[in-house]
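Visitor: got a sequence here, can you build the structure:
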Amino acid sequence: MKAAVLGSGGGALAVAADLARGGREAVLADLPQFATNLDPVREQGGVKVSTGWLGVQQETVGVASSVEEAVRGARLIVVVVPCFGH
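Guide: Numbering: from 1, shown residues only. Below you'll find the predicted structure:
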(Lines give C-alpha, C1' and ligand atoms only; values in the text may rest on other atoms or scores of the structure.)
Protein backbone atom coordinates (compact mmCIF):
# COMPACT_ATOMS: atom_id res chain seq x y z
CA MET A 1 0.00 0.00 0.00
CA LYS A 2 1.35 3.40 -0.99
CA ALA A 3 1.42 6.05 1.73
CA ALA A 4 2.25 9.68 0.97
CA VAL A 5 3.86 11.67 3.78
CA LEU A 6 3.77 15.41 3.19
CA GLY A 7 6.46 17.31 5.07
CA SER A 8 10.24 17.34 5.32
CA GLY A 9 11.00 17.81 9.01
CA GLY A 10 11.86 15.30 11.68
CA GLY A 11 8.24 14.34 12.26
CA ALA A 12 7.63 13.55 8.60
CA LEU A 13 10.83 11.51 8.39
CA ALA A 14 9.82 9.53 11.49
CA VAL A 15 6.32 8.84 10.13
CA ALA A 16 7.69 7.76 6.74
CA ALA A 17 10.28 5.49 8.33
CA ASP A 18 7.68 3.89 10.59
CA LEU A 19 5.33 3.28 7.66
CA ALA A 20 8.18 1.76 5.65
CA ARG A 21 9.19 -0.45 8.55
CA GLY A 22 5.57 -1.65 8.65
CA GLY A 23 5.73 -2.75 5.01
CA ARG A 24 4.16 0.29 3.35
CA GLU A 25 5.53 2.02 0.27
CA ALA A 26 6.30 5.37 1.93
CA VAL A 27 6.83 8.39 -0.30
CA LEU A 28 7.81 11.83 0.99
CA ALA A 29 7.10 15.20 -0.62
CA ASP A 30 6.92 18.81 0.44
CA LEU A 31 6.01 22.19 -0.95
CA PRO A 32 8.46 23.55 -3.56
CA GLN A 33 10.10 25.99 -1.14
CA PHE A 34 11.01 23.11 1.21
CA ALA A 35 11.62 20.31 -1.32
CA THR A 36 15.43 20.50 -1.08
CA ASN A 37 15.13 19.43 2.58
CA LEU A 38 14.42 15.95 1.19
CA ASP A 39 17.58 15.76 -0.96
CA PRO A 40 19.52 13.73 1.68
CA VAL A 41 16.69 11.16 1.83
CA ARG A 42 16.66 10.92 -1.96
CA GLU A 43 20.48 10.57 -2.11
CA GLN A 44 20.68 7.81 0.51
CA GLY A 45 17.53 6.03 -0.65
CA GLY A 46 15.72 6.26 2.63
CA VAL A 47 15.66 7.38 6.24
CA LYS A 48 18.24 6.24 8.78
CA VAL A 49 16.76 5.35 12.15
CA SER A 50 19.01 5.06 15.19
CA THR A 51 17.80 3.18 18.27
CA GLY A 52 19.51 1.89 21.36
CA TRP A 53 18.33 -1.67 20.81
CA LEU A 54 18.69 -2.10 17.03
CA GLY A 55 21.48 0.35 16.24
CA VAL A 56 21.26 2.25 12.96
CA GLN A 57 18.94 0.89 10.29
CA GLN A 58 17.88 2.42 7.02
CA GLU A 59 14.24 2.28 6.03
CA THR A 60 13.54 2.52 2.30
CA VAL A 61 11.55 5.70 1.69
CA GLY A 62 10.94 7.31 -1.68
CA VAL A 63 10.94 11.01 -2.48
CA ALA A 64 8.47 12.36 -5.04
CA SER A 65 9.25 15.36 -7.23
CA SER A 66 5.96 17.01 -6.23
CA VAL A 67 3.07 16.73 -3.80
CA GLU A 68 0.81 15.76 -6.71
CA GLU A 69 3.12 12.88 -7.62
CA ALA A 70 3.29 11.71 -4.01
CA VAL A 71 -0.47 11.55 -3.49
CA ARG A 72 -1.26 9.97 -6.87
CA GLY A 73 -2.37 6.42 -6.11
CA ALA A 74 -1.76 6.72 -2.36
CA ARG A 75 -4.29 4.99 -0.12
CA LEU A 76 -3.06 6.96 2.90
CA ILE A 77 -2.00 10.61 2.99
CA VAL A 78 -0.35 12.00 6.12
CA VAL A 79 0.27 15.74 6.44
CA VAL A 80 2.93 16.52 9.05
CA VAL A 81 3.33 20.14 10.18
CA PRO A 82 5.19 21.78 13.07
CA CYS A 83 3.16 22.20 16.25
CA PHE A 84 2.88 25.93 15.57
CA GLY A 85 1.70 25.31 12.01
CA HIS A 86 -1.90 24.34 12.69
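Visitor: residues touching the nearest residue to Phe34 once chain neighbours are set aside, list them.
Guide: In space, and not counting its chain neighbours, Phe34 is closest to Ser8: 5.0 Å by CB to CB, 6 or more residues apart in numbering. (Glycine included, C-beta is placed from N, CA and C.) Counting by CB atoms under 8 Å, 6 or more residues apart in numbering, Ser8 touches Leu28, Asp30, Phe34, Ala35, Asn37, Leu38.
Visitor: what bits of the chain have low per-residue confidence?
Guide: 85-86 (pLDDT under 70).
Visitor: this protein: strands as residue ranges?
Guide: 2-6, 25-29, 46-51, 55-60, 62-63, 76-79 (DSSP state E).
Visitor: okay, these in TSV with mean neighbour count and distance to Val15 next?
Guide: Converted to TSV, the strands of the chain look like this (neighbours: other CB atoms under 10 Å; distance: least, CB to CB, whole Å):
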stretch	mean neighbour count	distance to Val15
strand 2-6	23	5
strand 25-29	24	8
strand 46-51	15	10
strand 55-60	12	11
strand 62-63	22	14
strand 76-79	14	6
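Visitor: wait, which of those strands is closest to Glu69?
Guide: Taking CB to CB, strand 25-29 is the member of the strands of the chain nearest to Glu69, at 6.8 Å.
Visitor: okay, angle between the longest helix along the chain and strand 2-6 too, please.
Guide: If you go by DSSP state H, the chain has its longest helix at helix 10-21. Interaxial angle, helix 10-21 versus strand 2-6 (axes from the mean of the first three to the mean of the last three CA atoms, to 10 degrees): 170 degrees.
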